[in-house]
Every structure is written in C-alpha cells, then in structure tokens.
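Trainee: Whatever this is, show me its structure:
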Amino acid sequence: MKKLFIISSKSGRSYDEKFERELLKYFDKDEIKVTKKACDTVKFAQDFRDKGGEILYIRGGDGALSEVASVLCGSGTALGLIPGGTGNDFSKNFSYHNFKLENIFAYEISPIDLIEVNGKICINVTSLGFDTNVLKYTYQLLKNKKASGKLAYLYGVLKSVINLENLDLKISCLDEKNEEVNLSGSFLISALCNGSYYGNGFNPSPRGKIDDGILNLILAEKMGPLRIASLFTSYRKGKHLGKSGVREILTRSGKISSDREFLYNIDGEIYSGREIKYKILEKKLKWIYFKGVKK
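Mentor: Modelled structure (predicted):
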C-alpha cells in the first residue's frame, strides 16, 4: 500500500523535529515530506495522488488540511489528519484525546462531504460578514508579528466591533428537501458549514455533520455591539440556535449575493466578490478515522 505523511512546517508555532523522529518508527524516510515553501503542501499531495497513492496523512492546521482536501477531492486517495496547527478547528469534529501515533495504521475509511464555493473546494466553513472581518484584522496583526495567535484573534474581534459592518444580502437556495428558499436582509454573520467549528473554537453549527449530504447555513441578523456581546458566549459554545435573530437553513446548494463587494473566507482564506455560489459535494473525500478517534 502506497502511503505518504506530509508535515506542514508552517502550521502551529514551530516545526516539531521530535515528532518527525517519532514518525520514523512507522514510516520510511522517503514516505515523509516536510514542507518548506507555501506551495509544497499542494505539490506533494498532487504528486502522490497522480502516482496512485492510497493513504495520505497530514500533520498541520486547518489551512494545510484544506489545501490537501482540495487536491484529493473525488480521488481514490484517503486522507487522515493529525492536528498540528494553531486553531485546529476541523479536528474538533472528532475526539483526538485517545489517539496514539502507534495506532496510525489502525483505522477505518469512510467518505465525507465537501463544499464547492465559487469553483473552489471547502472542507470546513465558508463565511462572510463579522467573522471574516475578524480574520482580516487578525491576519494584519500576525503579519506584523505584534501578537500571538490568541491575542491577535481577540484584537480582531474588538476591531470588528469598533468598525461594525452588517451586509445587505440576497439568499436563494435549495433546502434539504430540494425546495427553493428566498430571503433578503441585513446580516452580521452568514456561515455556510460542513464542519461544526471555526475561528479558534467557535461552534456556529452544533448540529452539523460532515457526512450527511447537508450544509448548515447559519444567519445572524443585523445587530449592534450590545447584542453581539450577549450572543458571543452562546455562539462560541454552540447554544445560539433558537435565539432571537439567529436562523439555521439546511441547504444543498444556492447563491448569496450583494449589490456591493464583500469579503468572505473559505476555510480561513480571504477572498472578495459580490456573490457566493455553492453546492454540497456528497461523499467526495475518503476520510481516515483512526482507532480511538470518534465522531
């Protein structure tokens, strides 16, 4: 069986040489690739896929995971994740508490869903509005190396509250019964979720499942700073559904648009545009469930 282990050296705070030494107990040296440039993750995954590789593991964060998922979408190569980033939000869909590296070859493979967003692949969450502005300000501070990840994210939240922006949106989508839903309004947050977690542990989609063929579109209506403060804790803990001003739509495909350009992010990568076209890609990624790692 052809296998490859990619270590993303850009994920987390620093490269873990001890982990690589431990990995050599289970993999030959030529079965381990360590990224050195931004494009290496994609290149390694593409080369392995094109050579008929069967099992690909990655140790990295959400960004590296998203890149590899994009490459492996619809292929015969299965993907397994060892969390190694800062936020590790996608890994929160599982319990890694009992995972041991010695059990890396004890697994089951089962397909999970992906999202296609404006022609790009998303494994976790695509969102627009307040949370994307938080990312924008967070990335700006991290780029200047003026704060750690958690402090930079807190700065991003505060900056977004001070520069509060609600988006006027038109939403047209098919729900879980393939019935058309149309609505418009001013929204603080619009989060299209395959996974349940994003933004360093926030839980926008507590009922989301990565293999049910359904996306959870979470909408928070226009609100001011005081209401944001009251919603903040419940949104982080996944207890916001049912609260005033919050709506969940179960959807398979659709379009979110505005009369003016807005920022949105796909698995944390920021883009801009006036519309988002999306659809569920059912069972398009073969996923490796390790022994001891539960849904």
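Trainee: Not counting sequence-adjacent ones, nearest residue to Gly63?
Mentor: Gly268 (5.9 Å; CB to CB, 6 or more residues apart in numbering). No exception for glycine: its C-beta is placed from N, CA and C like everyone else's.
Trainee: Can you give me the neighbour number for that neighbour?
Mentor: 23 (other CB atoms under 10 Å).
Trainee: Look up the closest residue to the residue most central in space within the chain, ignoring the ones flanking it.
Mentor: The chain has Asn124 as the residue nearest its centroid, 3.1 Å off, counting by CA atoms, centre = their mean. Nearest-residue entry for Asn124: Gly195, 4.2 Å, with adjacent residues in sequence omitted and distances by CB to CB, 6+ apart.
Trainee: and that neighbour, what is it in contact with?
Mentor: Asp89, Phe90, Lys92, Asn93, Ile123, Asn124, Val125, Ser205, Gly208, Ile210 (CB atoms under 8 Å, 6 or more residues apart in numbering).
Trainee: do Val181 as well
Mentor: Counting by CB under 8 Å, 6+ apart, Val181 has contacts Ile171, Ser172, Cys173, Leu174, Asp175, Ile249, Thr251, Gly254.
Trainee: Now do the same for stretch 121-128: mean pLDDT, whole number.
Mentor: Per-residue pLDDT over stretch 121-128 has a mean of 98.
Trainee: for the stretch 101-250 of the chain, what spans make up the strands?
Mentor: Counting by DSSP state E, counting those that start in this stretch, the segments of the stretch 101-250 of the chain that form strands are 107-117, 120-122, 125-129, 167-175, 180-193, 215-221, 246-266.
Trainee: The third one: how far from the chain's middle?
Mentor: Read that as strand 125-129. Its chain's C-alpha centre and that of strand 125-129 lie 10 Å apart, by CA atoms, centre = their mean, to the nearest Å.
Trainee: Tell me which other helices or strands it touches.
Mentor: strand 180-193, strand 246-266, strand 269-290 (3 or more CB pairs under 8 Å, 6 or more residues apart in numbering; DSSP states H and E).
Trainee: Which among these is found nearest to Ile6?
Mentor: strand 269-290 (13.4 Å; CB to CB).
Trainee: gap between that closest one and the chain center?
Mentor: On CA atoms, centre = their mean, the centre of strand 269-290 falls 9 Å from that of its chain.
Trainee: Now it: buried residues?
Mentor: Neighbour-count burial for strand 269-290, counted by 16 or more other CB atoms under 10 Å, picks out Tyr271, Ile276, Tyr278, Lys279, Ile280, Leu281, Lys284, Leu285, Lys286, Trp287, Ile288, Phe290.
Trainee: which one is the third one nearest to, not counting chain neighbours?
Mentor: The shortest distance from Tyr278 to any non-neighbouring residue, by CB to CB, 6+ apart, is to Val117 (4.9 Å).
Trainee: tell me which residues form a beta bridge with the one you found?
Mentor: Using DSSP bridges, the bridge partners assigned to Val117 are Lys120, Tyr278.
Trainee: neighbours of it, just the number please.
Mentor: Counted with other CB under 10 Å, residues neighbouring Val117 total 20.
Trainee: coming back round to it: looking at the helices and strands packed on strand 125-129, which is nearest to Lys222?
Mentor: It's strand 180-193; of the helices and strands packed on strand 125-129, that one is closest to Lys222 (CB to CB) at 3.9 Å.
Trainee: Next, the angle strand 125-129 makes with the closest one.
Mentor: Between strand 180-193 and strand 125-129, the angle comes out at 100 degrees (axes from the mean of the first three to the mean of the last three CA atoms, to 10 degrees).
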